[in-house]
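**Q** no FASTA, just this:
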């Protein structure tokens, strides 16, 4: 059991994190439980997401209707989302209602009713969501690029497939809930206006006597993918290119992140300037960094018309490769200014901060303060980044396209 | 010339609004100029949006590249968006850079280069955007429902059509810019950390000597639409139903808004509970209120599978009509709690507040304080709302669908 000013580990392994923002009237809470889609058995893809949805359909003594009614009555704005490793439950409310919020969410997380009467209803919703996703070429690309890039089952879409979701039973859901919802590795992160001793007591009251055993680690199965195409009846072609980078916990993370930002973050980036502004090849173009606990990746996207798709892919890959030649100091200065300003603005939102401190804890086992990140950004310089890029030039590309016709990729890789 | 604590009207008609949030480190600015798509001549649809995009491609002495570079260098996060009546330019930055931000945006708004070299590039981007929109059935529905509901040209999509955007020339763009970018009716709204006398001086310096003539009012041409269907190669059917409500400036706005919220705002709403939770007819369902200066409307949406679409439409219209029978006090209590909590949270974001005070000024000619809105919500009661609903039961429905097949609508209306 360890205790620090704004973090506390309970005997059952649950960690409470706090970030005081006393100038706000609101408070935001993120609850993370290691019960994500990575634990779905083969053939039962979507089980973790299905379980997360079912948990909101009645909890404790309240049935589905009574639960949403009560959340509404206390002005609690909430969302649930099950990701790869964690199931997340998020809520915001005025500071005075934090106790009520924790009480209701302890019921949802620890005493869900998982009623048989809601199974078909939830299933229909999830199936419609999956079909809606199939109608959207941009979302399909994100889904398939992650699947192609990450090892199995870490890249598998959390929402599952139409076939597997159609077959899931209430027994599957209950099995997932009973096996994976437990306190060890779970995080309750609170940002906004709160009184720490009172918060500690409330969380202890609602989650302190929770028991259960941590799930075993999930192995990662690697397959080398170079190109996958998904036919889609659309006017636009969506192009995605992914390549590896350090994880958030690794020493090279900040230099690699800054190089990605020069490449594709915002409208001053090389991709935006070269593909959109100078060549007019595409409208939507950019890059983002995604990091799990063990590995990270840079994901580049461009959406363009069918007749420009081949050239767009060529120029996109050319710009990514050119990053290996290094960046200029002035490119870095823009990124630093932009990121520091974004950092300052993001720390002003309680919901954003609650999400960030929970993520930091799960990836690092500690919280990086805004000040620490500011210093890490200030310390970046072109020499350091170029040394990183020289040692790790972008390579091992995974390409995914969604659109009316396949591209010629072999010659480009 | 009038002056109040945090608003000031310059001699040229430009209004400066401020909302101090001294606990923040950031500042957010919204600039609105009455130069929106409603002024596009027939056959030149999309001209205002085209002009707005061109304005970011170089301004003052900076060409396109130098402009984005400088915005990046000062950590200025920005966006431009041209709507029906107003063209909007939005930026956020750390409080110390407000002067630089205003200087750059005065160049963008008053001295854009509108260079011939960027025309084809901007056009390709806009055309790709239009085609991407055609690939997305949900966005198509929103676009077509507004067009069917509002009088012409107020419901016309700002982004224009592929045909009109393909034909626009640099001369068209320059004509739009010269005729409509002027200070009378323009608004500069600032929220966050600022020093009012300094802000007043900065805005005076950059915008005080701007001259020009306000555009004449645009007439509204009404056509009665009952149903329009747009074939789309998708698995889902998107259904939209719109009906009239008071505008934001009218006395009945708050009761009508609350009735809409009971109907379709969030997961405690009737539409969500009845269509999704109880009947499992659809996954995405809800309603929103949209108000212009002269008229408002309630827009209801549902997305569902083709085989459930006809039943979804029937139940959706049934729920909307049932609203005319009135609401229960407990339904209102939930809406009030939820809205007050959302109001408190939204007032914590400088970007949100800058947007809201600018919108208030343009719709009302004054700003409704958070306290005033809180009081208006507190004062709502079921009797008042039911009196409104009895006098104005939902009727005159406009139905739009996007999907694989047309629905049978005549029998439902």
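**A** Noted; the coordinates are in hand. All figures in this text were calculated on a predicted structure; none of them were measured in a lab. Residues are numbered from 1 along each chain as shown, chains lettered A, B, ... in the order given.
**Q** what segments of the stretch 251-400 of chain A are strands?
**A** Per DSSP state E, counting those that start in this stretch, the stretch 251-400 of chain A carries strands over the ranges A:284-291, A:296-305, A:398-403.
**Q** tabulate the ones you listed (CSV), appending mean neighbour count, distance to residue B:202 and mean pLDDT.
**A** (Each C-beta comes from the backbone N, C-alpha and C, glycine too.) Shown next, in CSV, are those (neighbours: other Cβ atoms under 10 Å in any protein chain shown; distance: least, Cβ to Cβ, whole Å; pLDDT from 0 to 100):
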stretch, mean neighbour count, distance to residue B:202, mean pLDDT
strand A:284-291, 20, 32, 94
strand A:296-305, 24, 38, 95
strand A:398-403, 26, 47, 97
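**Q** mind listing what the residue nearest the centre of chain A touches?
**A** Residue closest to the average C-alpha location in chain A (Cα atoms, centre = their mean): residue A:83, at 6.8 Å. Contact analysis of residue A:83 by Cβ atoms under 8 Å, 6 or more residues apart in numbering or on different chains lists A:36-37, A:158.
**Q** give me the buried subset of those residues.
**A** Buried by 16 or more other Cβ atoms under 10 Å in any protein chain shown: A:36-37, A:158, out of these.
**Q** now the residue nearest to the centre of chain A: how far from chain B?
**A** Separation of residue A:83 from chain B (Cβ to the nearest Cβ, to the nearest Å) stands at 19 Å.
**Q** picking up where we left off before, narrow the buried ones among the contacts of residue A:83 to those in helices?
**A** With DSSP state H as the criterion, helices contain none of these.
**Q** from these, which single one is nearest chain B?
**A** Closest approach to chain B among these (Cβ to the nearest Cβ): residue A:158, at 15.9 Å.
**Q** doesn't residue A:49 make contact with the closest one?
**A** Yes - using Cβ atoms under 8 Å, residue A:158 makes contact with residue A:49 at a distance of 5.3 Å.
**Q** identify the contacts common to the two.
**A** Taking Cβ under 8 Å, 6+ apart as the contact rule, the neighbours common to residue A:158 and residue A:49 are A:37, A:82.
**Q** next, give phi and psi for the nearest residue to residue A:95 once chain neighbours are set aside.
**A** For residue A:95, ignoring the flanking residues on the chain, the nearest one in space by Cβ to Cβ, 6 or more residues apart in numbering or on different chains is residue A:193 at 4.0 Å. When read as degrees, to the nearest 10, the backbone of residue A:193 gives phi -90, psi 120.
**Q** how much space between residue A:193 and residue B:224?
**A** From residue A:193 across to residue B:224, the span is 52 Å (Cβ to Cβ, to the nearest Å).
**Q** okay, the two: which has more neighbours?
**A** A side-by-side neighbour count of residue A:193 and residue B:224, using other Cβ atoms under 10 Å in any protein chain shown, places residue A:193 first with 18 against 7.
**Q** let me see the contact set for the more buried one.
**A** Residues in contact with residue A:193 (Cβ under 8 Å, 6+ apart) are A:20-27, A:95.
**Q** what about it, distance to residue B:353?
**A** 18 Å.
**Q** same deal with residue A:211?
**A** According to Cβ to Cβ, residue A:211 and residue B:353 sit 45 Å apart.
**Q** neighbour count for these two, which is higher?
**A** residue B:353 (23 against 10).
**Q** tell me the contacts of the more buried one?
**A** Going by Cβ under 8 Å, 6+ apart, residue B:353 touches B:19, B:21, B:28, B:191-192, B:346-347.
**Q** mind picking the lowest-pLDDT entry from these?
**A** Minimum pLDDT for the contacts of residue B:353 is recorded at residue B:346 (78).
**Q** give me the pLDDT for residue A:3.
**A** Per-residue pLDDT puts residue A:3 at 40.
**Q** can you tell me the closest non-neighbouring residue to the residue of the stretch 51-200 of chain A found nearest chain B?
**A** The nearest approach of the stretch 51-200 of chain A to chain B comes at residue A:75, 3.0 Å away (Cβ to the nearest Cβ). With Cβ to Cβ, 6+ apart as the criterion, residue A:75 has its nearest non-adjacent residue at 3.0 Å, and that residue is residue B:341.
**Q** look up how far residue B:374 lies from that neighbour.
**A** Distance from residue B:341 to residue B:374, counting by Cβ to Cβ: 11 Å.
**Q** write out the residues of the stretch 151-300 of chain A neighbouring chain B.
**A** With Cβ under 8 Å from any Cβ of the partner chain as the criterion, the stretch 151-300 of chain A meets chain B at residues A:233-236, A:266-268, A:273, A:276-284.
**Q** mind checking the SS state of residue A:54?
**A** Here residue A:54 is recorded as helix under DSSP: H, G, I helix; E, B strand; the rest coil.
**Q** tell me how many other residues crowd it.
**A** Using other Cβ under 10 Å, residue A:54 has 24 neighbouring residues.
**Q** quick check: it touching residue A:117?
**A** No - if you go by Cβ under 8 Å, residue A:54 and residue A:117 don't touch, sitting 10.8 Å apart.
**Q** residue in the stretch 251-400 of chain A with the shortest distance to chain B?
**A** Distances between the stretch 251-400 of chain A and chain B by Cβ to the nearest Cβ are smallest at residue A:341, namely 3.0 Å.
**Q** wait, that residue sits on residue B:91?
**A** No - judged on Cβ under 8 Å, residue A:341 makes no contact with residue B:91 at a distance of 10.3 Å.
**Q** of the two, give the one with the bigger neighbour count.
**A** Counted by other Cβ under 10 Å, residue A:341 and residue B:91 do not tie: residue B:91 has more neighbours, with 25 against 21.
**Q** the more buried one: helix or strand, and which one exactly?
**A** Assessed by DSSP states H and E, residue B:91 sits inside strand B:87-94.
**Q** and that strand, what does it pack against?
**A** Counting contacts by 3 or more Cβ pairs under 8 Å, 6 or more residues apart in numbering or on different chains; DSSP states H and E, strand B:87-94 is packed against helix A:329-346, strand B:26-33, helix B:47-55, strand B:77-82, helix B:98-110, helix B:350-364.
**Q** how about the shortest one and chain A, touching?
**A** Put plainly, it is strand B:77-82. Yes - contact between strand B:77-82 and chain A, assessed by Cβ under 8 Å from any Cβ, occurs at residue B:77.
**Q** so what strands line up beside that strand?
**A** Strand pairing for strand B:77-82, determined by DSSP bridges: strand B:87-94 (antiparallel).
**Q** rewinding a little: mean pLDDT lowest where, among the helices and strands packed on strand B:87-94?
**A** helix A:329-346 (a mean of 87).
**Q** quick check: closest non-adjacent residue to residue A:315.
**A** residue A:275 (5.8 Å).
**Q** count of neighbours near that neighbour?
**A** Going by other Cβ under 10 Å, the residues that sit close to residue A:275 add up to 28.
**Q** pLDDT score assigned to it?
**A** So, for residue A:275, pLDDT stands at 94.
**Q** host element of residue A:121?
**A** Counting by DSSP H and E, residue A:121 is found in helix A:119-135.
**Q** quick one: residues in contact with the helix or strand just after that helix.
**A** Once the chain leaves helix A:119-135, the next helix or strand it forms, by DSSP H and E, is helix A:137-149. With contacts defined as Cβ under 8 Å, 6+ apart, helix A:137-149 is touched by A:133-134, A:155-157, A:225, A:228, A:230, A:232, A:234, A:236, A:238-240, A:242, A:284, A:290, A:297, A:299, A:301, A:303, A:398, A:400-403, B:132, B:135.
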